[in-house]
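Student: Here is a sequence together with a model predicted from it:
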Amino acid sequence: MKRIYLDHAATTPVDPRVKEVMLPFLECVFGNPSALYRDGRVVKEAVKSARESIAKILHCTSEEIIFTGSGTESDALAMLGVMKKNQIRKKDGSLKKGHLVTTTFEHHAVLYNAERLEKEGYEVTYVRVNKEGLANPKDVRDAIRPDTVLVSVMYANNEIGTIQPIHEIGQIIKDIRKKRRESGDPNPIWFHTDACQASAYLNLDVQKLGVDLMTINGSKIYGPKGIGLLFVRRGVKLEALYEGGGQENKLRSGTEHIAGIVGLGEALKLVQEHKEQENRRLTELRDYFIKGLFERVPKIVLNGHPVKRLPNNVNISILDIEGEAMLLYLDKYGIEASTGSACDSATLDPSHVILALGKPYEFAHASMRFTMGHSTTREDLDIALKTLPGIVEILRKISPVHLDLDATQMSTAAAFAGEGFPHWEAKRGSKLKLRSKQ
Amino acid sequence: MAEPTKKLEKKPIPKGIYEVVNEYTGEGWVYSDIVKEHFFHPRNLLLEEPKDGDFDAVGEVGSPACGDTMRMWAKVNQDEDRIQELKWKTFGCGSAIASTSMFSVMLTENGGMKVDDALKIKPQHVMDRLSGLPNRKIHCSVLADKAFRKTMNNYFHASGQHDRVIVENSRVIDPKLNITDKDIEEAVLEGAQTLEEVQKKLKVAVGSPEIVTEVDQLIRFYKEKYYG
């Protein structure tokens, strides 16, 4: 049976061309780039050339690229690093912890580091997104305070693929920075974006985007896992997460992951070179798949914006069914996708992204993400479209839930009498209030 | 001197690919064939909406841990006090489906279990018959016996066997009918807003005027809590 991989937002296979350039560094070229002798110099040169190639794509200088171990590490370095290094100087000269602005539907790498900062005494404002999964730049501007040090908004969402107005937010932050300078305010404000999901599809010119820090990793762009990078604009002060030999501009100690760095450079070059053509192909496939799903499966909703989304992302809630059961059935037929159901997460939390859209948790439980990639063909999607309706029919027969497409509250509140509503409901808003059925 | 680049041999995918892996402990798991069989071919599913009189009782519960819900219907042989039919539906994952399917088989096989024995079936017994479930998925399997207890309480109330009602984690408000605060909470969550509406569902305090005030207070408390 052919396996149909529709989970490219989780990770991508390594492009054979990427593997080719990596292999020498796993097999015979093994030097430490810090070493003076020839074997060291060879490796140093390889790192330098990868850095330059990436800098060209990002439209920045080589020195502004810090290699890390993953997208998650880059996010942590950006957030913890900036917040800890840049204390707010009050008018009386004393220092206090700064304020962070982010959104409710960031990747956990950003969200959980924000929560960690909160525990450490930093204040954080979480900007809500609209029901189509887009942050409004005005809301971001309103959330910024005189003591705001960092704003972190993802470039494209990992679950629903919505593309955020990074350029507009970047402009707002530039204006605020200018005003602060003009008024003699010494406190900086920086803009970070997690571009892991976007980097294969969107423009990464940091000057055009107006970002000061940007996260990219290898595993989403047909590069190796275990490698990431953080763009850090000159002038942005960061505290390293830990100390050591002082590599990567003293921000990320540890002997460089040479094969990873070389692979990341090659992978980013390849996806960016071919993105226009591939985006056209994927957008067509995406819209074909969405149309096909709506024709074949009743009672589904598309999560996120119909157009302002990544060309490879389809995320739907198939009402009344539970996503993990759906995954198990799809797996039986060789189709690999993912779900936002609580049952499929280690923490038993339903997708915070779908909840952030203001939908009842049943929509998250019923959400399915299909993300396409290089290997995806129309035939693959035809097989998925043929397989899916039957599974949906079975699981709907199993289900006692009958949710309306425009439902705004959970449908089976009475089932939770005595033991309380699911744990995440308490987190949503101050208090859950039902509307009476009469 | 460095070795020249060797051509890589194609290696098979390592053994021990698990279907469920605990992210924190690394514990791996492959669903047993019995689990798979019950997941892909669940027994005793209720496929059509039931008509009045098809069943003696119904109960629905939810899991506060993951939000899965389970609804169960039972038909009881009153003379022998045995489970005659046990049907179910779930908005739940693979483990919930497989374990409830097995639970329903255990209660109805060999002519059906005595009600009192059926109430003693615990998730562990179901697990044994399924050859186990991964730790992380056990919470999904407790829905079956929880739903069954609620269904039986519904049956005990409906058949006037109030003394058999199982009171757990709740407080008895109407001692004659064994109606608890949980029952009143549920009635309010189902949409009852007044004493009359709650009494229509529960008959609470109908023969006991002395508890009317308390019931009324509870209704108001739950209304405020959930509808604000």
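Tutor: All right, it came through fine.

Student: Strands of the stretch 201-350 of chain A, residue ranges please.
Tutor: Ranges of strands in the stretch 201-350 of chain A, per DSSP state E, counting those that start in this stretch, are A:213-217, A:228-232, A:300-302, A:313-318, A:335-336, A:338-339.

Student: just checking, what packs against the second one?
Tutor: In terms of contacts (3 or more C-beta pairs under 8 Å, 6 or more residues apart in numbering or on different chains; DSSP states H and E), strand A:228-232 is packed against strand A:65-68, helix A:71-85, strand A:213-217. Heads up, the C-betas are built off the backbone N, CA and C, glycines and all.

Student: pLDDT on the longest one, on average?
Tutor: Put plainly, it is helix A:71-85. Averaged across helix A:71-85, the pLDDT comes to 98.

Student: do the last one as well
Tutor: For strand A:213-217, the mean per-residue pLDDT is 98.

Student: Need the residues that contact that strand.
Tutor: Strand A:213-217 is contacted from outside by A:58, A:70-71, A:74-75, A:78, A:82, A:155, A:190-196, A:199, A:204, A:206, A:223, A:227-233, A:236, A:264, A:268, using C-beta atoms under 8 Å, 6 or more residues apart in numbering or on different chains.

Student: Sheet-wise, list the partners of it with their directions.
Tutor: With DSSP bridges as the test, strand A:213-217 is paired with strand A:190-194 (parallel), strand A:228-232 (antiparallel).

Student: Make TSV out of those strands and add mean neighbour count.
Tutor: Listed next are the strands paired with strand A:213-217 as TSV, based on neighbours: other C-beta atoms under 10 Å in any protein chain shown:
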stretch	mean neighbour count
strand A:190-194	28
strand A:228-232	28
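
Student: any low-confidence regions in the chain?
Tutor: Here I'm looking at chain A. Of all residues in chain A, those with pLDDT under 70 make up the ranges A:426-433, A:435-438.

Student: was after chain B, sorry
Tutor: Residue ranges of chain B with pLDDT under 70: B:1-30.

Student: What is the burial count for the residue nearest to residue A:257 when sequence neighbours are not counted?
Tutor: Counting by C-beta to C-beta, 6 or more residues apart in numbering or on different chains, the nearest residue to residue A:257 once its immediate chain neighbours are dropped is residue A:227, at 5.6 Å. Counted with other C-beta atoms under 10 Å in any protein chain shown, residues neighbouring residue A:227 total 27.

Student: can you list the domain ranges for chain B.
Tutor: As assigned by automatic domain parsing, chain B contains the domains B:25-164, B:172-227.

Student: Highest mean neighbour count out of the ones you listed?
Tutor: Across the domains of chain B, the average number of neighbours (mean count of other C-beta atoms under 10 Å in any protein chain shown) peaks for domain B:25-164, which reaches a mean of 19.

Student: nearest to residue A:40, of the helices and strands packed on strand A:228-232?
Tutor: Shortest distance between residue A:40 and the helices and strands packed on strand A:228-232, using C-beta to C-beta, is found for strand A:65-68: 16.9 Å.

Student: What is the closest one packed up against?
Tutor: When contacts are defined as 3+ C-beta pairs under 8 Å, 6+ apart, strand A:65-68 sits against helix A:38-58, helix A:71-85, strand A:228-232, helix A:258-273.

Student: Can you spell out which helices and strands pack onto the helix or strand where residue B:38 lies?
Tutor: Per DSSP states H and E: residue B:38 is located in helix B:33-40. With contacts defined as 3+ C-beta pairs under 8 Å, 6+ apart, helix B:33-40 has these neighbours: helix A:323-332, helix B:94-108.

Student: How far off centre is it?
Tutor: For helix B:33-40, the gap between its own C-alpha mean and the chain's C-alpha mean amounts to 19 Å (C-alpha atoms, centre = their mean, to the nearest Å).

Student: Stretch B:43-63 too?
Tutor: Worked out by C-alpha atoms, centre = their mean, stretch B:43-63 lies 12 Å from the chain centre.

Student: nearest spatial neighbour of the residue sitting nearest the centre point of chain A, skipping sequence neighbours?
Tutor: For chain A, residue A:158 is the residue whose C-alpha lies nearest the centre (C-alpha atoms, centre = their mean; 4.3 Å). Among residues not flanking residue A:158 along the chain, residue A:197 sits closest, at 4.9 Å (C-beta to C-beta, 6+ apart).

Student: Next, the one you found: secondary structure please.
Tutor: Per DSSP: H, G, I helix; E, B strand; the rest coil, the local secondary structure of residue A:197 is coil.

Student: who's in contact with the residue nearest to the centre of chain A?
Tutor: A:9, A:107, A:196-197, A:353.

Student: any chance of these in TSV, plus neighbour count?
Tutor: Output for the contacts of residue A:158, formatted as TSV (neighbours: other C-beta under 10 Å):
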residue	neighbour count
A:9	26
A:107	20
A:196	28
A:197	28
A:353	25
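
Student: which two from the residues you listed end up farthest apart in space?
Tutor: Farthest pair in those (C-beta to C-beta) is A:196 and A:353. Separation: 14.5 Å.

Student: what does stretch B:111-125 rub up against?
Tutor: Under C-beta under 8 Å, 6+ apart, the answer for stretch B:111-125 is B:76-77, B:80-84, B:99, B:103, B:106-107, B:138, B:141-142, B:144-145, B:148-149, B:152, B:166.

Student: follow-up on the earlier one: for the strands of the stretch 201-350 of chain A, could you give me CSV that also reports distance to residue A:4?
Tutor: Below are those laid out as CSV (distance: least, C-beta to C-beta, whole Å):
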stretch, distance to residue A:4
strand A:213-217, 24
strand A:228-232, 28
strand A:300-302, 19
strand A:313-318, 13
strand A:335-336, 5
strand A:338-339, 13
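
Student: Give me whichever of the ones you listed is most buried.
Tutor: Most buried of the strands of the stretch 201-350 of chain A, by mean neighbour count (mean count of other C-beta under 10 Å): strand A:213-217, with a mean of 30.

Student: where's the nearest residue to residue B:165 once chain neighbours are set aside relative to chain A, distance?
Tutor: Sequence neighbours aside, residue B:178 is the residue nearest to residue B:165 in space, at 3.9 Å (criterion: C-beta to C-beta, 6+ apart). Note on residue B:178: its distance to chain A, by C-beta to the nearest C-beta, to the nearest Å, is 15 Å.
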